[in-house]
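> predicted model follows, preceded by the sequence.
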Amino acid sequence: MFNLFTVANFHNTHLIQNLLKFCVLDGDKIAELKDTTNSILKRLKVCELGFLLQALQSRGGDVSSCVFYPCDDRIGKRIIHEPHLIVYRTFRHPGIQSVSELKHLAVCSRHDVTNEKICINPYHYSAVVQIELPAKRSTPVKSKNDTKREESSSGFVSNYTPSTSMEPTVSSMPLSLTEHPRNPKEWPKRSWCCVAYWEHNDRIGPLYHQYQHHNILNIYESLPVSNKAKGMCLAALYGDSIASDTTKRVRNHIGFGLQLSREEDGIWMYNRSDFSLFANGPTLSERTSEFTCRHNTIVHKVPPGYSLKLYDYTESPRTCQSYGDDVKLSVPHSVRVSFAKGWGNTCSTSYRRQFVTSCPCWIEIHFVV
């Protein structure tokens, strides 16, 4: 019995040492956090440590199991109320200070059957991108030309034909789903979203439909060999398409890509790659308290490891419907996402690429909600 205990203790110590190598913390100020994490790990079983190691080694690329830990465990003189936040900060984002800045991913059960333990797998959580509402202030009334100019800069195609200007006309923009039945009722039955992959102005490959019985869609360029998860593999769409060196570099940056999940409160996008994503669409439009849109001029940056709610079941329909009759979007429940390269204006940066069609690799997501 003693020998078995010694062997088990040796395995635990070895696994914990390997786990702590993935610690992203540095400096004396967070030594206490690392010590607390070490104490938490010491209370886990060998198999649970193995699950955590699998998640950290694959950087979330592999499908990993939940690892549960008591919500109010006592370590020394301290009671640990939020063990998942401690482990997440240790191994992923030290800057996250509160559980309100986190969301559990759709792959996570969150709590065990007793509801007394919570999952502490750091790759079952993500930080959340907060969309800031613009300050309420009086602004001059914009002319129709100004409105059209803003709409065009977002990269979405409108139903009007711009007057003479230097901006691209509808005919020069990609056709999007005009090649496909516009009425969602004509799409394959029980499909909740449809995705098109683009490289600059060129549609690459067929449309991808995600069906009602699958609430999670992975869109990726490559995944670990051990991951047998199904999804939209962009590498399988390239075929004989001719790509520039820039496009090839961005393709290589896509990696694990992103994850779309249909959840109780809306549709979320989780950035699984090592590079930022950039998203824009009418469901993300800035809104004042009166739900009036400033048209989708802002492109939202989603850093690696962050999630963004693309569609809110409560707010998004009102946001889309608040567009005036003078500007009608061709597909109001759509979001465009660029991999690694930004365009237009974010909250902090203006990019030289003014249109999404200037981005090497991007997708167009159409929701059927």
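Arrived safely, thanks for sending.
> how close does Gln54 sit to Leu15?
11 Å (Cβ to Cβ, to the nearest Å). In this view, the C-beta of every residue, glycine as well, is placed from N, C-alpha and C.
> and Lys309, by the same measure?
For Lys309, the distance to Leu15 - Cβ to Cβ - is 36 Å.
> cool, and Leu33?
From Leu33 to Leu15 the distance is 20 Å (Cβ to Cβ).
> just the helices in this protein please.
Taking DSSP state H, the helices of the chain run over residues 2-20, 31-42, 46-57, 83-91, 144-153, 235-238, 245-254, 316-321.
> now the third one: mean pLDDT?
Looking back up the chat, that one is helix 46-57. Per-residue pLDDT values across helix 46-57 average out to 96.
> buried stuff in it?
Glu48, Leu49, Gly50, Phe51, Leu52, Leu53, Gln54, Ala55, Leu56 (16 or more other Cβ atoms under 10 Å).
> how far does it sit from its chain's centre?
The chain centre lies 24 Å from the centre of helix 46-57; the measure is Cα atoms, centre = their mean, to the nearest Å.
> residues in contact with that helix?
For helix 46-57, the surrounding residues in contact (Cβ atoms under 8 Å, 6 or more residues apart in numbering) are 8, 11-12, 15-16, 18-19, 22, 41, 44, 62, 64-67, 91, 120-124.
> give me that answer again for 10 Å
For helix 46-57, contacts defined as Cβ atoms under 10 Å, 6 or more residues apart in numbering pick out 8-9, 11-12, 14-16, 18-19, 21-23, 41-42, 44-45, 61-69, 87, 91-92, 120-124, 224, 226.
> tell me the domain boundaries of this protein?
The chain breaks down into these domains under the TED database: 1-128, 193-319+329-367.
> contacting residues for the spatially closest residue to Pro303 that is not a sequence neighbour?
Residue nearest to Pro303 in three dimensions, not counting chain neighbours: Ser276, with 5.3 Å by Cβ to Cβ, 6 or more residues apart in numbering. For Ser276, the contacting residues are His253, Lys301, Val302, Pro303, Pro304, Tyr306, Ser338, Phe339, Ala340, Lys341, Gly342, Thr346, by Cβ under 10 Å, 6+ apart.
> and the pLDDT at Phe156?
The predicted local confidence for Phe156 is 43.
> Val128 too?
Predicted confidence (pLDDT) for Val128: 97.
> one more: Leu277?
pLDDT, Leu277: 98.
> for it, name its beta-bridge partners.
Val302, Phe339 (DSSP bridges).
> count of neighbours near Lys103?
For Lys103, the number of neighbouring residues by other Cβ atoms under 10 Å comes to 19.
> report the contact partners of it.
Per Cβ under 10 Å, 6+ apart, neighbours of Lys103: Tyr125, Ser126, Ala127, Val128, Glu263, Asp265, Trp268, Tyr270, Tyr306, Ser307, Lys309.
> for Ser350, state which of the residues you listed is nearest.
Tyr306 (21.1 Å; Cβ to Cβ).
> contact partners for the closest one?
93, 101, 103, 126-130, 269-271, 276-277.
> let's see which of these end up in strands.
Lys103, Ser126, Ala127, Val128, Met269, Tyr270, Asn271, Leu277 (DSSP state E).
> reformat those residues as TSV; add distance to Asn218.
Shown next, in TSV, are those (distance: Cβ to Cβ, whole Å):
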residue	distance to Asn218
Lys103	17
Ser126	14
Ala127	19
Val128	20
Met269	11
Tyr270	10
Asn271	12
Leu277	14
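> returning to that earlier point: hmm, which of the contacts of Tyr306 are the buried ones?
His93, Glu101, Lys103, Ser126, Ala127, Val128, Val129, Met269, Tyr270, Asn271, Ser276, Leu277.
> how about the contacts of Ser276 in CSV, adding pLDDT?
Shown next, in CSV, are the contacts of Ser276 (pLDDT from 0 to 100):
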residue, pLDDT
His253, 97
Lys301, 95
Val302, 97
Pro303, 97
Pro304, 97
Tyr306, 98
Ser338, 98
Phe339, 98
Ala340, 97
Lys341, 96
Gly342, 95
Thr346, 84
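> which among these end up buried?
His253, Lys301, Val302, Pro304, Tyr306, Ser338, Phe339, Ala340, Lys341, Gly342, Thr346.
> I'd say the third one and Asn280 touch.
What it means is Val302. No. Judged on Cβ atoms under 10 Å, Val302 makes no contact with Asn280 at a distance of 11.0 Å.
> hey, what's in contact with both of those two?
Going by Cβ under 10 Å, 6+ apart, residues that sit against Val302 and also against Asn280 are Val337.
> separation between the residue lying closest to Asn218 once chain neighbours are set aside and Lys341?
Of all residues not flanking Asn218 in the chain, Gly231 sits nearest, at 3.3 Å (Cβ to Cβ, 6+ apart). Distance of Gly231 to Lys341, given as Cβ to Cβ: 22 Å.
> now Ile16
Taken as Cβ to Cβ, the span from Ile16 to Lys341 is 40 Å.
> next: Phe367.
Applying Cβ to Cβ to Phe367 and Lys341 gives a distance of 24 Å.
> next one: Asp73
In terms of Cβ to Cβ, Asp73 sits 44 Å off from Lys341.
> again with Lys309
From Lys309 over to Lys341 (counting by Cβ to Cβ), the distance is 22 Å.
> same thing with Gly50?
Separation of Gly50 from Lys341 (Cβ to Cβ): 38 Å.
> for this protein, which helix or strand comes out least confident on mean pLDDT?
Of all helical and strand segments in the chain, the minimum by mean pLDDT, DSSP states H and E falls on helix 144-153, at a mean of 44.
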